[in-house]
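Peer 1: I need the structure of the sequence given here:
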Amino acid sequence: MMLDPRQQLPPIAEQYLVELIQSLEGLDKARCLAIASITMVIYEYFLTIDDEIRYFWTGKWSISQSIFDTDDSYAGPNICDGAIRASFILSVIAMAIIQAVLVLRIWYLYRHSRTARILAVACFVTCITAECVALGVSFKDLHSQINPLPGVRILGLGCMAPPPSKLWRMFIPAFVLHTVLYIFTAYRGLRNRSVVAEAAPLMRRLLRDGGIFYFVVFCFSAIGAAMTDHPSYSAEFNLCDRLTASPSFMLSITSICISRVMLGIRSLAAELISDPALLLNNAELSRVFLKRGTNTGEFIVNVHDDDSRQFGVLDIRRESGFILDVKMDKDSISTVDTVLQIGSPV
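Peer 2: This is a model prediction of the structure:
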């Protein structure tokens, strides 16, 4: 049926037409973001597969290794009505995995402080509980919408889920938790520079990566909360295309960021000390001023002998515990072999 452009539509028909146009715009943006999400995840996976195998697939099993594998393999399949609700549940689970990585980092940074550990875990549990409550409140309003207009059948739209009016509440707990965790990281970096006195590579890496990750979370949380009531934009967070099963764009970005953060810490550990447990544990090494040597696992250490200051080479290699060979550069060279048990691997 053709409409005369000079003919004015009834108000109700004009309102339906506006809603249809907004829904079609949201559909197009959602499909573009779905393609972008899948492309980024696959491209990132192939970029980092060698580092992932080197740092997480080999060696002794650890909590961080398990969480990395779970986060890296996340993908939320979405198929209309019932699966839309499952998609939101999977989104909360994925957010919990990402946040658990950051809480685990705080856990190892504050080995000396039981209070800080308890506070970080309490914030994490509170955040997850608040997200589940917010999802539960909106759960009954999560329904698929096959056609945006009643009585009009449009093929090829797939199925969409109009966002509940209070969906923005889900973004608040995550934002608060990320703020608290970054404050923990920044405080640790300012109070105790690093176990390596020369350039503070560990804390500098944590502050840089944590700052970038916090900025990403802040931007996408603000955008997501602001756009939940705008039909042409909110569809991109909730669209379920019948041909494409894709994770949320926001979760794809944060998943990639947290994977990069974990790979960055592991690569720094391999570059500096070759064992992450020694890098992240500064209970003993914080008392010694170290500079990295020319060989892998070798450091230059300042040694005080009465009133004179001497320089030695600290060679670290792992056999039973960590065996430290301190070689003095004076004529009276003495070799001291001491076995240290330094923490458990991260």
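Peer 1: What are the structural domain limits within this structure?
Peer 2: Listed domain ranges for the chain are 11-274, 288-340 (source: automatic domain parsing).
Peer 1: ok, of the ones you listed, where does mean pLDDT dip lowest?
Peer 2: With a mean of 45, domain 288-340 has the lowest mean pLDDT of these.
Peer 1: Dihedrals phi and psi, Ser113?
Peer 2: phi -120, psi 110 (degrees, to the nearest 10).
Peer 1: Same check on Arg111?
Peer 2: Per-residue torsions, Arg111: phi -60, psi -30 (degrees, to the nearest 10).
Peer 1: what's the neighbour count on Met40?
Peer 2: Using other CB atoms under 10 Å, Met40 has 15 neighbouring residues. No exception for glycine: its C-beta is placed from N, CA and C like everyone else's.
Peer 1: tell me the contacts of it?
Peer 2: Ser252, Ile253, Ile256 (CB atoms under 8 Å, 6 or more residues apart in numbering).
Peer 1: Name the helix or strand for it, please.
Peer 2: helix 11-52 (DSSP states H and E).
Peer 1: How about Met170, nearest residue that isn't a chain neighbour?
Peer 2: Ala134 (4.6 Å; CB to CB, 6 or more residues apart in numbering).
Peer 1: For stretch 129-138, which residues meet the burial criterion?
Peer 2: Going by neighbour count (16 or more other CB atoms under 10 Å), the buried part of stretch 129-138 is Ala130, Glu131, Cys132, Ala134, Leu135, Ser138.
Peer 1: residues touching the fifth one, list them.
Peer 2: Listed by CB under 8 Å, 6+ apart, the contact set of Leu135 reads Phe88, Ile89, Val92, Met170.
Peer 1: close enough to count as contact, the last one and Glu131?
Peer 2: Meaning Met170. Yes - under the criterion of CB atoms under 8 Å, Met170 makes contact with Glu131 at 5.7 Å.
Peer 1: Need the overlap of contacts for the two.
Peer 2: Applying CB under 8 Å, 6+ apart, one finds that Met170 and Glu131 are jointly contacted by Val92.
Peer 1: Leaving aside the residues adjacent along the chain, what's closest to Ser252?
Peer 2: Leaving aside its chain neighbours, Ser252 sits nearest to Ser37 (4.1 Å; criterion: CB to CB, 6+ apart).
Peer 1: and which of the buried residues of stretch 129-138 is nearest to Gln15?
Peer 2: Of all the buried residues of stretch 129-138, Ser138 has the smallest distance to Gln15: 25.2 Å, by CB to CB.
Peer 1: what's the distance between that closest one and Ile89?
Peer 2: 12 Å (CB to CB, to the nearest Å).
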